[in-house]
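Colleague: Make a model of this:
(2 chains)
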Amino acid sequence: MIRLEGVTKRFKSAAGERVALDAIDLSVKPGQVFGVVGRSGAGKSTLIRTINLLERPDAGRVVVDGQNMMDLAPAELRAARRRIGMIFQHFNLLNAKTIAENVAFPLRLEGRSGPEVDRRVADLLERLGLAEHARKHPSQLSGGQKQRVGIARALACEPHVLLCDEATSALDPETTDEILTLLDQLNRDLNLTVVLITHQMEVVRRVCDRVAVLKDGRVVEEGATADVFLHPQHAATRAMLAEGEEAFDASLAPAGGRLARLTFRGSSTYEPELSRVARSVGVDYSILSGRISRIRGEPYGQLVVAFTGGDAEAAVSQLTARGVRVEGLGEAA
Amino acid sequence: MLDNIDWIEIGRATVDTLLMLGGSLALTVLFGVPLGVLLYLSGKGRLAANPVLNAVLSFVVNVLRSVPFIILLIVMLPVTVLLVGTSLGVAGAIPPLVVGAAPFYARLVETALREVDKGVVEATQAMGGSTFQIVTRALLPEAMPGIIAGATVTAIALVSYTAMAGVVGAGGLGDLAIRFGYQRFQTDVMVVTVVLLLLLVQLLQMIGDRLVTAVSHR
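Modeller: Predicted coordinates:
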């Protein structure tokens, strides 16, 4: 659906040249929700803007729907952009227009008018729960409502792809949740391919099938969301995941305890595997830190435990046999 | 007290002032808006960034804005004759008024356009809008309150310019004030013309403010 090949973008300034994107290769399959995370300045914004060529790369290829965007003539590029919806952190609605006019705007740009447009706008407003606001202006709406107008506008031309540029970063947690649920729903209902960039790991965890971690204009890690979240390979990913999490303090572990990180996935998350194994092997365990949650709907649990007073090796092999992933973290001092 | 007042003369002068103002304001907007749009679009980092064009336009606009209007009136005389066949009366006053006011108004339009959030431009681009559509469908409507407020300021500046144009035979209230009020010491004529100009300015400001409120949705 979307393929970036060797996409490179440099920005020149008085201070010299800065490489914003360094030979990025990414591929997004139809119907996927693909997240790009990174800190500010990592190049996320530039990356998402290369997909609809708001930012033209200096080198590389941008292929959307089988078309190399870089080869298109201006009129063809404008037509291609209509098939790619985009929503923004600050919504970017037109203040002078009503909500209905905002949603109709991309259709008007296409030169369409008449009852067909009115019907399409009414449908979209209805679908996004905005029907009662049709005649209001953006300044009269809350942030979450404005973003829903942004989504309705982005969907007006029936795009195959939706680009989300920090779409929830200006919203409170509750509204973020509401918008993410909506995106998830649209992805499933319309088989819409979604690319979103964010600095909020929580957003990725909630809705993304795959995720790429961007650092200094390079993709340092990419994979299925659950794999990247549960077994991060790159330091940058670990650092982003560690934010807001209580790191376990090894010095508090019982002396001589064998430390291990256990990862449960899927339905086994809710099974009493750890206690069964402990009972059968005869070890004790203390839980030092842990989290049980879901990644894009799939349950998982991740615990750091210290095994004491028994055969820790046997416990590890039994847990492994039961499908629990075990990573040894050494011995507590 | 109002011994020297010839009300018919005053009425004629008021109509002349209104005609000069209306004609020059319409043409100022007609030339000023596209010039302001060009200044904006050719600016650094804008849609049609063009440093050379921007520098040339900027230079011309600044030169015209720095010439005192009274000098411009005189310098423009041959051009005015060429354009409208006379340098006298309402018709003769309009070319210098437009040349004096359009660059000023263009700057105000440019400023109003710059106030529009860049995100709106980007969103319109992302929706497949052409540069022309971005200007006409997004930028100008979004900047409308500023564009109208700028037109109000310009209209009021034009009122005082029309008074100056009276010096070179344009007629109107300013002409009356100078010839009778000042040169013949007819204070009553001076007072009446000034009061009429003051009312005109108040009226323009009121209309402008109402229009701005009507198009503002912030």
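Colleague: Where does the prediction get shaky in the chain?
Modeller: No chain was given, so I picked chain A. Chain A contains residues with pLDDT under 70 at A:244-247.
Colleague: wait, chain B
Modeller: B:1.
Colleague: tell me which residues in the longest helix anywhere in chain B are buried?
Modeller: Longest helix of chain B, by residue count under DSSP state H: helix B:7-41. Across helix B:7-41, burial judged by 16 or more other Cβ atoms under 10 Å in any protein chain shown covers B:10, B:13-14, B:16-21, B:23-25, B:27-29, B:31-33, B:35-41. (Each C-beta comes from the backbone N, C-alpha and C, glycine too.)
Colleague: What residues does chain B have near chain A?
Modeller: Counting by Cβ under 8 Å from any Cβ of the partner chain, the residues of chain B close to chain A are B:117, B:119-120, B:122-130, B:133, B:137-138, B:141-142, B:144, B:215, B:217-218.
Colleague: among those, which are in helices?
Modeller: Short answer: the residues of chain B next to chain A in helices (DSSP H) are B:G119, B:V120, B:E122, B:A123, B:T124, B:Q125, B:A126, B:Q133, B:P141, B:E142, B:M144, B:V215.
Colleague: show me what contacts A:L128?
Modeller: Contact analysis of A:L128 by Cβ atoms under 8 Å, 6 or more residues apart in numbering or on different chains lists A:R148, A:V149, A:I151, A:A152, A:L182.
Colleague: Let's see that with 10 Å instead.
Modeller: A:V103, A:Q145, A:Q147, A:R148, A:V149, A:G150, A:I151, A:A152, A:R153, A:L155, A:L182, A:L186 (Cβ atoms under 10 Å, 6 or more residues apart in numbering or on different chains).
Colleague: Can you tell me the element the closest residue in space to B:L39 that isn't next to it in sequence falls in?
Modeller: Closest residue in space to B:L39, ignoring its immediate chain neighbours: B:E110 at 4.3 Å, by Cβ to Cβ, 6 or more residues apart in numbering or on different chains. According to DSSP states H and E, B:E110 maps onto helix B:89-114.
Colleague: got it, and A:K9?
Modeller: Using DSSP H and E, the element containing A:K9 is strand A:2-13.
Colleague: just the buried members of the residues of chain B next to chain A?
Modeller: B:120, B:122-129, B:133, B:137-138, B:141-142, B:144, B:217.
Colleague: any idea which of those residues is the one closest to B:V67?
Modeller: For those, the residue nearest B:V67 by Cβ to Cβ is B:M144; the value is 29.9 Å.
Colleague: Tell me the spacing between the closest one and B:V194.
Modeller: Distance, B:M144 to B:V194, using Cβ to Cβ, to the nearest Å: 33 Å.
Colleague: And B:G85, by the same measure?
Modeller: Distance, B:G85 to B:V194, using Cβ to Cβ: 32 Å.
Colleague: So if I had to pick from these two, which one is more boxed in?
Modeller: Each of B:G85 and B:V194 has its neighbours counted (other Cβ atoms under 10 Å in any protein chain shown); B:V194 has more, 15 against 9.
Colleague: List the contacts of the more buried one.
Modeller: Contacts for B:V194 (Cβ under 10 Å, 6+ apart) come out as B:A163, B:L173, B:G174, B:A177, B:G181.
Colleague: In which helix or strand does it reside?
Modeller: helix B:187-215.
Colleague: So which bits of that helix are buried?
Modeller: Buried, per 16+ other Cβ under 10 Å, within helix B:187-215: B:V189, B:M190, B:V192, B:T193, B:L196, B:L197, B:L200, B:L204, B:G208, B:L211, B:V212.
Colleague: what's the angle between the helix or strand A:V149 falls within and helix B:118-126?
Modeller: For A:V149, the element it lies in under DSSP H and E is helix A:143-155. Interaxial angle, helix A:143-155 versus helix B:118-126 (axes from the mean of the first three to the mean of the last three Cα atoms, to 10 degrees): 30 degrees.
Colleague: If you count contacts, what does helix A:143-155 end up packed against?
Modeller: strand A:84-88, helix A:99-109, helix A:115-127, strand A:161-165, helix A:173-190, helix B:118-126 (3 or more Cβ pairs under 10 Å, 6 or more residues apart in numbering or on different chains; DSSP states H and E).
Colleague: Let me know which of the ones you listed is the nearest to B:V52.
Modeller: Short answer: helix B:118-126, nearest of the helices and strands packed on helix A:143-155 by Cβ to Cβ, at 22.2 Å.
Colleague: Run through the residues of the stretch 101-250 of chain A sitting next to chain B.
Modeller: A:101-102, A:105-111, A:136-140, A:150, A:153-154, A:156-157, A:159, A:163, A:165 (Cβ under 10 Å from any Cβ of the partner chain).
Colleague: CA atoms of the strand holding A:K9 as CSV?
Modeller: Extracted C-alpha coordinates of strand A:2-13, given in CSV (Å, rounded to 0.1, in the frame of the first residue of the first chain):
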residue,chain,number,x,y,z
ILE,A,2,2.7,2.4,1.1
ARG,A,3,6.4,1.8,0.4
LEU,A,4,9.2,4.2,1.2
GLU,A,5,12.5,3.3,-0.3
GLY,A,6,15.7,5.1,0.7
VAL,A,7,13.8,8.2,1.5
THR,A,8,16.2,11.0,2.4
LYS,A,9,15.5,14.6,3.3
ARG,A,10,18.0,17.3,4.2
PHE,A,11,17.3,20.7,5.5
LYS,A,12,19.6,23.5,4.8
SER,A,13,19.9,26.3,7.3
